[in-house]
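In: Generate coordinates for the sequence data below:
(chains A, B, C, D and E)
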Amino acid sequence: MILELLIGLCLVGAVVVFVAPNRYASKLAAGWSLLPLALSVFMYATFDGQSNALLGGQLAYETMVSWVSLGPYALNWHVGLDGISMPLVALSTVLTTAAILAAWTPIEERESQFYGLVLFLEASLVGVFAALDFFVWFVFWEAVLVPMFFLVAIWGGPRRKYAAIKFFVYTNVASLVLFIGFFALVFGLGNSINSLDLPAIAQALRTGQLSAVGGVAPETLKVAAFVALFAGFAVKVPVVPFHTWLPDAHVEAPTPVSVLLAGVLLKVGTYALLRFNFTMLPDVARQYAAIIALFAVVSVIYGALLALAQQDLKRIVAYSSVSSMGYVILGLVAYTVYGVGGATFQMISHGLISGLLFACVGVIYNTTHTRMVGDMSGMADRMPVTTSMFVAGAFAYMGLPLTSGFLGEYFVFLGTFGADFPGAPWFTAIAMFGIVIVAGYLLFAMQRTLFGSFGVETDHAGSGAVTDGGERTHNGRRANGGEHEHGDVISPAAAHDIAPLAILLALVIVLGIAPEISFAMIRDAVSPLLAAGGGG
Amino acid sequence: MVAIPYEAIAFGVFALITVASSFGVVLVEDVWHASLLLGVALLSVAIHYLMLRAEFIAVMQVLVYVGGVLILITFAVMLVRQAPDDPDEPEVA
Amino acid sequence: MAETATSTVAFAFEVAPAIAILPLASFVIALFAGKYLPKRGALAGITATGGSLLLSLWVMLTVAGGAYYNEEIYTLVSTPDSFDLHFGLLLDPLSALMLVIVSLVAFLVHLFSLGYMNDEGEPGLPRYYAGLGLFTFSMLSFVLSDNLFMSFVFFELVGLCSWLLIGHWYREDAPPSAAKKAFLVTRFGDYFFLVGVVAIFATFGTATFAGAESFPTLAEEALAGSGGAGGELPTFGLSAQGWFTVLGLLVLGGVLGKSAQFPLHTWLPDAMEGPTPVSALIHAATMVAAGVYLVARMYGFYALSPTALAIVAFVGGFTALFAASMAVVKRDVKQVLAYSTISQYGYMMLGLGAGGYVAAVFHLMTHAFFKALLFLGAGAVIIAMHHRQDMWEMGGLKNKLPVTYYTFLAGSLALAGIVPFAGFWSKDEVLYEALVHGLNDPLLLAAYLMGLTAVFFTGFYTFRMVLLTFHGEPRTHTARNPHSLGWSVKTPLVVLGILATVIGLANMTPIAEATGLEIEFLHTWLEHGLEGVNSEHYGEVLETVAGYSAAELSPLLAAVFSLSLALAGAGLAYRLYSGDRPEHHTDRLGAAKRLLTDNYYQDEYQVWIAQTLGTGVARASDRFDQGVVDGVVNGVSSVSLFSGDRVRRVQTGIVSNYATLLTLGLVALLVGVGLAGGWFL
Amino acid sequence: MVAVQYYLLLSAAIFCIGLFGILTRRNALFFLMSVELMLNAANINLVAFSFQYGNLTGQVFSLFITALAAAEVAVGIGIVLVLYRNFGDVDVTKATTLRW
Amino acid sequence: MAGLTLPVLQTAPPISDWVAVAPVLLLGLTALALFVVDSIDPDSSNSAALAGTAAAGTLLALVATLLLLAGGVGQGQGGALRLYGGQLIIDGMALFFTVIFTSVATLVIVASYDYLRDRVYQAEYYMLMLLAATGMALMAAAGSLATVFVSLELASLPSYALVAFMKDNRGSVEAGLKYFLIGALSSAIFAYGISLVYGVTGQLGLEAIAQQLSGGTQLVGVLGVGVLMVAGGFAFKTASVPFHFWAPEAYEGAPAPVSAFLSSASKAAGFVVAFRVFAVAFSPEAVAQSVDWTLAFWLLAAVTMTVGNFAAATQDKVKRMLAYSSVGHAGYVLIGLAALGGGQDGLVLGASMLHLLVYGFMNTGAFLFVALAEYWEVGRTFEDYNGLGQQAPIACVAMSVFMLSLAGIPVGGGFMSKYFILIGAVGTGHFVLAALLLVNSALSLYYYSRVLRALWVEDSDGSVAIEGYPLGLYAAVVGAAIVTFLLLPGVFLASDVATAAASALFA
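Out: Next comes the predicted model:
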């Protein structure tokens, strides 16, 4: 019941914070978020799961209660964790706390609603990672959209409404597509299953129980379902060319929300890909591995190129997330322990690092009220601590060794290069070029914003709102002078701004030095996948 | 033996009356004439009922439709009489 | 090996990780507590690197006693059904030698920094010392690595540290830009290295350098066809040798980047924007040396592929000449040194490629000392000149700065390759190796000739530098009244000056040949070591697998060649620049000077690739993304809303129309379903 | 005895005439009368088929229809009257404040 | 029905007929009681008493229905109670839908208490509503086409009057007129369709028709036309294209509680009767050789959801948007009929029933929120709702639940039911319908989120000042929201009943 307790804590917290007065909301939310965080750490420490959640084996914190019956199928409340989901659950709780702390400064109105929604989001995310029944999973999967919609739409930037609705509609369409794909499979399984229990379905699919539906041959049905599921998840990941909601959502979202969006929400997509496409339909995944790898590589390179072209710091990180998630897909395709395990590791690593970078951008934005690369320079002079964090985060993002970012990508490359799908070395080698481009745009951005002589150019120093790019008045750069010299505008970030950065950075480094902390359990969960999938 | 198909002839005649008066209902300009023609149509339908050995229904048809509905409609026509300047609906005395 | 060693030996190896960890500790101390410490972290750094130096010496002594160490010490990731990733130590003559070099130079640089940085009231000193500590840690760990994975890890970290240190003065515009360039260019090389490491893992399932299960051994077995594990390696559709060549070249990509070989050398001159001690550290013994060290470390693998070796040699020879020619026209003392660094590493590459493993390591060692000396000497000059670096603003410093002058001169003589200074012996041996092997291989011979020509240039630019800086009349006010120098500046200079003078005696090959004395100490040193990773083994492999054969030629003859060219260069410089008021003779080169000062437009085309091509493609992608990919998404929504607007216009508000539409709809339904159901047939 | 098909034809004709009236006339009262015609068409069918099948089901149902038709007219006239009060007309095409 | 002698008639019902039809009777009697009250004191404006009485009546009926459901009355395979010669059938489906009608009626009546404050003819209003509810409850239980027609008219005639209730409001009158005219036309078509079916089978009882049809028929064309005309009658009641034209106008013009009532309960009534008629009388097996009406419903479903959602997407007024969305939802539910005969009958029909149940709460709640807005006189367009979330957070949270649930996002039972329908469509191989549902869902999310945007995101222009928080409206809105939300985790309470009741039809 400990998992239910975790989800319940988040939900209760959401309600409590929602009804609390605005002025207490931030501290209350931060305090409350420590409860699920502590609980998840405890769960992580006492984790005793082995093997893969869908392929049999011992699960941690499992519960199964019957819920609804749907014609011939039972829907159960079935939750549990394995080595793949446990780190992701922990990641969700960590990033939620970080996001809440990061929100203290920028969120200045309707705080209780904001923090309530964030905690609700946490509950949904944990639910997605924990659910082992399709419908339960789908409920959480869809429930994620609601708080996200509001968080972007209410507290976002100038084009927040457009971005929020685009995100909302786009990802919802994707959900429907995958839903249809999944149920095509369920009906193809016919009587061999009597519930929507994901392990049962996975077993049935892997043992070849699929039969024709509506005159469609099982083989075709599998491919069609795979395509539908892949398309559905690809939007969430996002895989090029389904990615265009992401930069909009990221740019418009308030920074703490970006932290969660990039940190956890994208992982939901790759997690689902791993659970559904790559666990349930391994033969299709292997058959079309080269095509999927092509998507992955295009995401990596194209995403990185797009990031290179951006001027908005958040857009840069947003597009680079597209790039980074491409590595995850590439790793999944490989069906090797380093490939799939590395993909999972990369999810966690990217969650921490992108969260860190977004939080840094947020701290900078809170003081300068601009995120445009051309609008500021020499921030290192005034914000040394934030700058250090930003630099560390950026290098971790570039895959600097002894950070988790390096290992995530490295595992994927190791796993993929020797994989047995056609063209694997080429795909890997091309994807690796992403590490050069990522270094390019992050270094350019850092050089122009953090270094050089200090100056900030916005047309209303210190006031709340930001203009959009078109209307900026060019009143010149006030290098090392003008009103920004005074401490009231550019002040060192507060402790609660820095704390989340420090926590995330510490985790990034710890995971980079001792990856076994999570890779051990990931490996346990991934190995059965490979054994049963015929890969290795 | 060749029987004269009285029933057929009667059906033909009354069917003609029914159809013709129905056409009249929807085609005439004046709402008064229309309601009168509706009465004719309903009555001729009642005769069909008689021919179908449904005497009770026929009686009810006369009572309810001609006695009730037509009077209601007539009443309504009186209440909502159009102004004389409306060319579509000439004034009724 | 450890089990056969005595307890002292074992203990020396047990504490060997501390060689790297001590500077790491100084990094942490300087970073977090630096601003509370008296010298802002300098003392911690000096203590740590001093400790590292002592430990390195201890390890060296132990290794000299014939004990070697090759163990995994930390498993990063273990996978039962695949290969593990681990950190380990490989302590053999090569790494022990390198450890001493690195820790010595690092120690001296720390010491020098005390005078160079602290005395100037610099802000950001903790950051500086933290960077130095991290740099030393990374480099020492790199040297200690027992496998290519670990090498890559610390190779990359070295890159990070160079970024941190080159960009130390981030408030100005140039240093951050130079730092970025250094990181990006080396990263471009590292990309190939990364592919290479991954491919080596994919091919061999291991990346260890030494031992029966190491990848050079496996590769050798595969080529020899002698069965063993090497027989069933995946070679990705190529022949085994072809694939190994590809692997070697991929790793070479990283080497070219870090060791600033053509065409990835462009970052190094810009890197002079960093503080001068940093330049000394980076360019003498650490970052730039890392590339060459890597090739030397896995020389057993390169030795299997004559193609790879020839490319290494040719690139090295070309770079040596190419960089030397650019050094001729520089005004900035550090720029001259920068190009000379590129050039000297070209020699080392030439040596490695030509089969002169020992020669290359020898040159690596001597160069580390004399180049550190030169940079620190230049640093001393810069301090004295109040941070001016243009040689044309100097002159006549000989009398004001005697210690600096004489040590600098020793370094210059070493650089120019004048007997008996260190550089002479090592460079000469490199050239000799290139020549004897090159006589059987035209590509090598071409490389040798380029290297030989570069000797002349080296002599010229070295003495041009010395003469312009120290001789003649002071040309500016600052040069007449230089800043005085402290002990912390002078001590390292003296130490290095002595080393630059005498270290070449470690391996006097021409003398040994001529006299038959057993004085090639370095040869002896490197012949020992673990099986498969010593020069003896490399020599065999070169002959049997790569097919290298040495022509019979006296080393004395080659030495005479190069020495005379060096002297000619130096003499020319002396003739042109020895006067009290030397002229700008290089102006006479005309258009060629422009070409040289603009570095053959290498920067221009690389910047063009990075900006016009890279950014251009990025912009085009962005436009495509906004217009087409996102356009489709937005288009779908626009079309939907537009058609929604059309649909609702059906609802005209006139109820008769509704009735009509209703009837038509019903009729259509009737007709449609009726036709489908065949009612009307 | 007239075959039931002819009654079917007759009712269809009347139904169509009623429908025609609904579609063409704009006066609400014509509308009401046309609906009456259509309902009568249904009644003719029911009575005719009732006669053919010999059960009274159809006849009974036709009574219900008659009664409900009357009720419908009553409600309808009420609505027509308020329409007249609000719009000053019984033209159904005039009331178009709600649309799109 | 003299000609109908079914074996089931011999088995005496385990309980008295009166008990089985208690909900219907309670509704009818309450209406009569109000009539009496009104005739004693025609000028009474004691709205609390009137609304209280009406609400008590519907609540009692609801409780009675729930008790009957809980008692298993008429449920299970072949357990349906056939009363009065099979004219009324009390089974799981009838009771299930009676729950919907009575709940919606209760909510609407409670909300009307505030909405009607200071208006005349309140007693008539409640009475008409109760009579309509009675008609709907009868529709759910109708066992022959005759009762279907009569109960349908009983539900329709009060509705016409209710829509035109605000007789001095041009919109209300116009809405009433349009509703009435289209309704009259539709009922004429419906009646004619019934007469044709009678012509082919000679029967009006649903099971009797099925028996007759299972032997095959020569008059395929006549039967087909008749069946489709009957379908047209239901399409009117459920506001399905092309019989939907009245709906946007009527829902927009009518008093908001009436719109709520019509769009939820009346639609459900149309569906229950359609389910019963088509599943029992024209069951796919019986008419397999003659009339493939599933194709007709397939087309209706496809066109209805598309037209409804596309037209809703660009509306300016919230109420009209809800009206069109109501059309769209009719399209979703029609999938249940279109997918019959695909081997998943119980599942798909159960899903549709479940959707109607949830819809009964979420849509009623949404319209009642509009009623609340009308009460506050904030205006009708999306812009007019700007910033309401700050002034009336509780009601706006409720409205958000409705909107999200309508869109199929899991903060309410609408998520479950919509996806159950989708499962039905996929499971019976109707991939085109599933794809259409997908497209329409996307679009619906867009326009529902416009409401959320107005409520929470946009800032008020300051012109709106909310006075008072009417208890009745609030109670109804919040109650509907709570039930909508609880139907997400608690959907098993309803879904089993729904699927069982649906399956029982195909026994």
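
In: where are the low-confidence patches of the chain?
Out: This is for chain A. Across chain A, the ranges flagged by pLDDT under 70 are A:458-493, A:532-536.

In: Not quite, go with chain C.
Out: C:1-7, C:118-121, C:226-232, C:586, C:681.

In: Then chain B?
Out: B:1, B:81-93.

In: got it, and chain E?
Out: E:1-15, E:44-45, E:464, E:507.

In: Helix or strand for D:Ile79, just tell me which one.
Out: helix D:57-87 (DSSP states H and E).

In: buried set for that helix?
Out: D:57-66, D:68-70, D:72-73, D:75-84, D:86-87 (16 or more other Cβ atoms under 10 Å in any protein chain shown). In this view, the C-beta of every residue, glycine as well, is placed from N, C-alpha and C.

In: Could you give the backbone dihedrals for D:Asn27?
Out: Dihedral pair for D:Asn27: phi -80, psi 130, per degrees, to the nearest 10.

In: For it, list each beta-bridge partner.
Out: As for beta bridges, D:Asn27 partners with D:Asp91 under DSSP bridges.

In: So which residue is dead centre in chain D?
Out: D:Val35 (2.3 Å; Cα atoms, centre = their mean).

In: From chain A, how far out is it?
Out: Distance from D:Val35 to chain A, counting by Cβ to the nearest Cβ, to the nearest Å: 43 Å.

In: for C:Val102, same thing?
Out: The gap separating C:Val102 from chain A is 19 Å, by Cβ to the nearest Cβ.

In: E:Ile409 now?
Out: From E:Ile409 to chain A the distance is 6 Å (Cβ to the nearest Cβ).

In: One more: C:Thr478?
Out: On the measure of Cβ to the nearest Cβ, C:Thr478 and chain A end up 25 Å apart.

In: from the middle of its chain, how far away would the helix or strand encompassing that residue be?
Out: Element membership of C:Thr478, judged by DSSP H and E, is helix C:477-480. In terms of Cα atoms, centre = their mean, to the nearest Å, the centre of helix C:477-480 is found 36 Å from the chain centre.

In: Next up, the contacts around A:Ala343.
Out: A:Ala343 sits next to A:270, A:274, A:327-332, A:411-412, A:415 when contact means Cβ atoms under 8 Å, 6 or more residues apart in numbering or on different chains.

In: what's the closest of those to chain D?
Out: The closest of the contacts of A:Ala343 to chain D turns out to be A:Thr270 (Cβ to the nearest Cβ; 44.8 Å).

In: Report the contact partners of the closest one.
Out: A:233, A:237, A:325, A:328-329, A:332, A:343, A:347.

In: Can you tell me the SS state at it?
Out: helix (DSSP: H, G, I helix; E, B strand; the rest coil).

In: how many neighbours does the nearest residue to it once chain neighbours are set aside have?
Out: Excluding the flanking residues, the one nearest A:Thr270 by Cβ to Cβ, 6 or more residues apart in numbering or on different chains is A:Val328, at 4.5 Å. Residues near A:Val328, counting by other Cβ atoms under 10 Å in any protein chain shown, number 33.

In: Then E:Ala481?
Out: What E:Ala481 shows, counting by other Cβ under 10 Å, is a neighbour count of 27.

In: so how far is chain B from it?
Out: Counting by Cβ to the nearest Cβ, the gap from E:Ala481 to chain B is 45 Å.

In: Check which helix or strand residue 9 maps to.
Out: Assuming you mean chain A. With DSSP H and E as criterion, A:Leu9 is part of helix A:2-19.

In: Sorry, I should have been clearer: chain C.
Out: Per DSSP H and E: helix C:7-14 holds C:Val9.

In: I'd guessed C:Leu522 sits against C:Val358; true?
Out: Yes: look at C:Leu522 against C:Val358 with Cβ atoms under 8 Å: they come within range, at 6.0 Å.

In: For the two, list the residues in contact with both.
Out: In contact with both C:Leu522 and C:Val358: C:Asn507, using Cβ under 8 Å, 6+ apart.

In: which among the buried residues of helix D:57-87 are in contact with chain B?
Out: D:59, D:62-63, D:66, D:69-70, D:73, D:77, D:80-81, D:84 (Cβ under 8 Å from any Cβ of the partner chain).

In: re earlier: which residue, neighbours along the chain excluded, lies closest to the residue nearest to the centre of chain D?
Out: E:Ala184 (4.4 Å).

In: Let me see the contact set for the one you found.
Out: Neighbours of E:Ala184 in contact, by Cβ under 8 Å, 6+ apart: D:31-32, D:35, D:72, D:76.

In: Of those residues, which is the nearest to chain E?
Out: D:Val35 (4.4 Å).

In: Could I get the phi/psi values of that closest one?
Out: Torsion angles, degrees, to the nearest 10, at D:Val35: phi -60, psi -40.

In: repeat for A:Trp67
Out: Here A:Trp67 shows phi and psi, under degrees, to the nearest 10, equal to phi -120, psi -80.

In: Return the residues in contact with it.
Out: Contacts of A:Trp67 (Cβ under 8 Å, 6+ apart): A:74-77, A:133, A:135-136, E:492.

In: again, only using 6 Å
Out: A:75-77, E:492 (Cβ atoms under 6 Å, 6 or more residues apart in numbering or on different chains).
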